[in-house]
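> Just the structure for this:
(one chain, ligands or ions: 1)
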Amino acid sequence: MGTYKNKACFVVNLLNRKNNEGFYKLQEVFNINEELFLIGGRGSQVRDWYKNHQYCGVCGEHNIIDEREMMLKCPNCGHLNYTRIAPAIIVAIKREDKVLMAYHSYYKTNDYSLIAGFVEAGETLEEAVRREVKEEVGLNIKNIKYFGSQSWPFPNSLMVGFTAEYESGEIKVDNFEILDAKWFSRDEIKRRSNISISSWLIDDFLNNKN
Ligand SMILES: [Zn+2]
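Residues are numbered from 1 along each chain as shown. Take a look at the predicted model:
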């Protein structure tokens, strides 16, 4: 899965774990050691992919692991399965000195957060940003700019961050997925953890006042 202090790292399945002693949730590992969090996140995603792709989806034959690439291959029909990653966008939309955040019905955190959503087949990342913003809050945006990306192993996302500016429209939420959305000034924002690209985007907004 990588190297840590010059030692090779592996992912294994434990069949007989008796208790949770010595085991940590991935989110907790971030606060202990960020480098281990990245290796662990990779390990958990590869392990899930391997476990969930044991059989060929085309002909049902037992897949075999490729020697050189991270790939599972069907020995019967040749169908290939690469590791499964779900790209998702997240965007900080600015309007003068404020940023838009929405209250999602399905987030357990009970807090406002940036607009985010999965990229659909056939879309560019920028198209996904425009569509999600339009769907979730009914606004048109401009100046979409790439910010950065983060592997997010909960369970297998690749988060791609953007900044954008308000262009037109009034906030309109669906009251199902999104219960509310509003513009936040810098002094209205509570800083949370720095684990996610969401918090890096918020930090960028707080630190760049132009
Ligand atoms: Zn097959």
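> Please make it C-alpha for all contacts and neighbour counts, starting now.
OK.
> Can you pull the residues of this protein lying near the ion?
56, 59, 74, 77 (Cα under 5 Å from the ion).
> Could I get those in a markdown table, plus columns for neighbour count and distance to residue 84?
Below are those laid out as a markdown table (neighbours: other Cα atoms under 10 Å; distance: Cα to Cα, whole Å):
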| residue | neighbour count | distance to residue 84 |
| --- | --- | --- |
| 56 | 21 | 14 |
| 59 | 12 | 19 |
| 74 | 22 | 16 |
| 77 | 12 | 20 |
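> Which residues does the top helix by length along the chain contact?
As assigned by DSSP state H, the longest helix anywhere in the chain is helix 34-52. For helix 34-52, contacts defined as Cα atoms under 8 Å, 6 or more residues apart in numbering pick out 1-2, 4, 9-12, 26-27, 29-30, 72, 83-84, 151-153, 155-156.
> Enumerate the positions of it that are buried.
By 16 or more other Cα atoms under 10 Å, the buried positions in helix 34-52 come out as 36-46, 49-50.
> By mean pLDDT, which helix or strand of this structure comes out lowest?
helix 26-32 (a mean of 88; mean pLDDT, DSSP states H and E).
> Can you point out the buried residues in it?
For helix 26-32, burial by neighbour count (16+ other Cα under 10 Å) applies to 26, 29, 30.
> Let me see the contact set for the last one.
Okay, so that is residue 30. Neighbour list for residue 30: 36, 37, 195 [criterion: Cα under 8 Å, 6+ apart].
> hmm, try it at 7 Å
By Cα atoms under 7 Å, 6 or more residues apart in numbering, the residues touching residue 30 are 37, 195.
> Domain ranges for this structure, per the record?
Using automatic domain parsing, the domain parsing of the chain gives 2-82, 86-207.
> contacting residues around the nearest residue to residue 62 once chain neighbours are set aside?
Computed as Cα to Cα, 6 or more residues apart in numbering, the closest residue to residue 62 that is not its neighbour in sequence is residue 55, at 4.5 Å. Contacts for residue 55 were tallied using Cα under 7 Å, 6+ apart; they are 61, 62, 63.
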